[in-house]
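Q: Could you work out the structure for the sequence below:
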Amino acid sequence: MAKAKAAPTSSSGGKAAKKKKWSKGKVKDKAQHAVTLDKPLYDRIIKEVPTFRFISQSILIERLKINGSLARIAIRHLEKDGQIKRIVHHSGQLIYTRSSGGAE
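A: This is a model prediction of the structure:
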């Protein structure tokens, strides 16, 4: 008889009602960034990126809607051509700026 009375009180949710309800948070939509470099995108990179004052991998990803590997390749290509110059070389983040002689 004692078991029958104890079961309803424990399953009534007295403790469960006091537990904090964690918010689910906002779900960010998966970005559909370009993963291949085609001619219009290449031309846009060559034209626009050397005019940016601050150039990093994350800036290219955000503004040009390309994935990280394409952004790294584009930065290396532009640096090799002398269109941008390196400010900081860190293992996690490479930071560049426009080259003063890039408009030649």
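
Q: Quick one: residues in contact with the lengthiest helix in the chain.
A: Scanning the chain for the helix with the most residues, using DSSP state H, yields helix 68-80. Helix 68-80 is contacted by residues 34-37, 45-46, 49-50, 55, 57-58, 60-61, 64, 66, 84-86, 94, 96 when judged by CB atoms under 8 Å, 6 or more residues apart in numbering. (Each C-beta comes from the backbone N, C-alpha and C, glycine too.)

Q: residues of the helix or strand following it that come out buried?
A: Tracing the chain past helix 68-80, the next element assigned as helix or strand by DSSP states H and E is strand 84-89. Buried residues in strand 84-89, counted by 16 or more other CB atoms under 10 Å: I84.

Q: mean confidence for the helix or strand that strand 84-89 is followed by?
A: Sequence-wise, the next helix or strand beyond strand 84-89 is strand 94-98, with elements assigned using DSSP H and E. Per-residue pLDDT values over strand 94-98 give a mean of 88.
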